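Novice: Task: produce atomic coordinates for the following.
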Amino acid sequence: MEVTALGAARQVGRSAFLLHGQSTKVLLDFGVQMEREPVFPIHVQPKDIDGILLSHAHLDHSGAAPVFYLSEGVDLYTTPPTAEFTRLLIEDFIKVSGFYLPFEYIDLLSMFKRTHYADLYEVFKIGEFTVQFLDAGHIPGSASMIVEADGKRLLYTGDINGAGTMLLNGADYNFGELDAIITESTYALSDHKPRHEVEKEFVDYAREIVEGGGTLLVPAFSVGRAQEIACVLRAAKFPYPVAMDGMALKANEILMRYQEYLKDPKEFRRTLENIDIMENWPQRKRMAKTPSVIIAPAGMLVGGLAVFYNEEIATKDRNGIAIVAFQIPGTPGRTLLEKGIALIRGKPKKVKAQVKRFDFSSHSGRKELFEMLKAVRGSPKVMTVHGEEEYCTKFAADIKEQFGFDAVAPVAGDVIKI
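Specialist: Predicted coordinates for the structure are as follows:
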């Protein structure tokens with residue numbers, strides 16, 4: 001086996017790895033780096049690959065995949081919910097960034113004609129490779145994967161979360177003996193605050209804002225984070241109105257079809273039964289003036305209905321904005337968090353609402369990443385990816401020191417032999 005790093009090498013974004021066997025080549029993800037003009041991985045000719053394995057729907061892992069379907073395309077394999085979430089997110093990506101993209105909606109449709117579904121723990125074949133998806137605990141439907149050929153076993157973590165959340169179980173570490181690991185390094189040098197503490201702080205803040213007569217806006221990712229926030233409020237018996245809007249409502253519909261991927265399907269259904277669904281503009285304008293919590297995408301305020309609510313809510317000091325998602329530098333959400341400035345009807349203004357950040361991460365922190373490595377059998381070669389350069393290189397050095405594994409932080413274009 002050989003692995004070529006096509007992206008996400010000493011950076012977060014454009015995850016893509018080419019896995020070569022004796023006679024088969026497969027891509028492990030093919031995403032974009034989300035900038036004003038999206039950045040793609042190193043290109044591979046469609047005729048040179050036998051399939052794509054997609055770990056989850058986030059655009060930094062899936063967003064470039066439609067480039068392989070401008071002509072005949074290749075077979076793509078993923079879990080059923082990931083397929084539906086990917087379609088939802090890439091459709092929106094085309095609407096927002098279509099001018100910069102080398103593919104169109106028709107190519108996305110072609111991609112789904114070549115998509116094969118594999119449930120978690122199902123074993124399937126692509127050429128000489130035997131593949132199994134494991135629960136990654138990151139977002140609903142997300143998978144780590146074991147790829148095996150010629151007696152060699154490789155783990156690709158994708159994005160992984162070992163801690164578990166109100167919505168999802170933690171990642172499955174039952175990997176068996178491994179010869180190679182490609183692991184994310186996003187938070188390899190830091191630990192997250194325990195989830196129950198973050199949840200309590202968030203609920204207390206929501207109570208404080210609403211009981212003071214204000215409205216709390218929670219800009220949240222459509223898939224996973226929006227639903228988790230609603231579940232956290234319900235579990236705390238939050239007694240005030242909770243509304244949800246935008247693409248998160250479409251994600252809810254998908255999740256209702258795949259409840260077996262959730263930690264507690266019954267509690268999820270009860271949560272959805274007790275939230276207010278925003279369906280029209282009179283409702284939205286009324287809710288923005290009602291003491292309540294409003295959950296709306298986009299999580300970084302780059303678009304979606306969160307932008308409308310932000311304009312309504314940010315100008316009053318009794319209101320609040322809870323940042324519950326990672327904010328990429330340069331996004332409106334990052335500017336709001338760091339400078340307290342937001343675009344209000346086209347003009348940058350200092351916001352009066354209280355802005356507070358809560359670490360609802362869907363990635364393993366350092367503690368969980370080391371627990372994952374402790375569960376590994378064998379003496380694998382480890383590639384640290386999907387992290388800033390310092391995180392990837394230091395994590396590789398720490399792995400060598402603590403476990404004795406041969407660990408490297410590849411750069412884009414590197415070929416690693418296993």
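Novice: Specify the residue ranges that define each domain of this protein.
Specialist: Domain assignment of the chain by automatic domain parsing yields the ranges 2-190+362-417, 195-357.
Novice: possible to save those domains as a markdown table with mean pLDDT and mean neighbour count?
Specialist: Every residue, glycine included, has its C-beta placed from N, CA and C. Shown next, in a markdown table, are the domains of the chain (pLDDT from 0 to 100; neighbours: other C-beta atoms under 10 Å):
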| stretch | mean pLDDT | mean neighbour count |
| --- | --- | --- |
| domain 2-190+362-417 | 96 | 20 |
| domain 195-357 | 94 | 19 |
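Novice: Distance check, residue 73 against residue 129.
Specialist: 19 Å (C-beta to C-beta, to the nearest Å).
Novice: Apologies, that question was intended for residue 365.
Specialist: In this view, residue 365 and residue 129 are 31 Å apart by C-beta to C-beta.
Novice: Same question for residue 197.
Specialist: Taking C-beta to C-beta, one finds residue 197 at 42 Å from residue 129.
Novice: Over to residue 413?
Specialist: Counting by C-beta to C-beta, the gap from residue 413 to residue 129 is 23 Å.
Novice: Next: residue 292.
Specialist: Separation of residue 292 from residue 129 (C-beta to C-beta) stands at 50 Å.
Novice: if you skip the residues just before and after it, what's nearest to residue 13?
Specialist: residue 33 (3.1 Å; C-beta to C-beta, 6 or more residues apart in numbering).
Novice: contacting residues for that neighbour?
Specialist: Counting by C-beta atoms under 8 Å, 6 or more residues apart in numbering, residue 33 makes contact with 7, 11-14, 39-40, 60.
Novice: and it, what are its bridge partners?
Specialist: Counting by DSSP bridges, residue 33 forms beta bridges with residue 39.
Novice: what does residue 78 give?
Specialist: residue 117.
Novice: And the residue nearest to residue 13, how far from residue 364?
Specialist: Using C-beta to C-beta, residue 33 is found at 21 Å from residue 364.
Novice: Just give me the residue right at the centre of the chain.
Specialist: residue 58 (4.7 Å; C-alpha atoms, centre = their mean).
Novice: Ramachandran angles for that one?
Specialist: When read as degrees, to the nearest 10, the backbone of residue 58 gives phi -60, psi 140.
Novice: what's the answer for the one 10 residues further on, then?
Specialist: Here the main-chain torsion angles of residue 68 (degrees, to the nearest 10) amount to phi -80, psi 0.
Novice: okay but it is in contact with residue 54, surely?
Specialist: No - between residue 68 and residue 54 no contact is recorded; they are 11.5 Å apart, counting by C-beta atoms under 8 Å.
Novice: Quick check, residue 385 in contact with residue 392.
Specialist: Yes - in terms of C-beta under 8 Å, residue 385 counts as a neighbour of residue 392; the distance is 6.5 Å.
Novice: Find residues that contact each of those two.
Specialist: Here residue 385 and residue 392 have 9-10, 185, 409 as joint contacts, going by C-beta under 8 Å, 6+ apart.
Novice: Please produce JSON lines containing those residues, extended by secondary structure and distance to residue 219.
Specialist: What follows is those, written out as JSON lines (DSSP: H, G, I helix; E, B strand; the rest coil; distance: C-beta to C-beta, whole Å):
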{"residue": "9", "secondary structure": "coil", "distance to residue 219": "30"}
{"residue": "10", "secondary structure": "coil", "distance to residue 219": "29"}
{"residue": "185", "secondary structure": "coil", "distance to residue 219": "26"}
{"residue": "409", "secondary structure": "coil", "distance to residue 219": "32"}
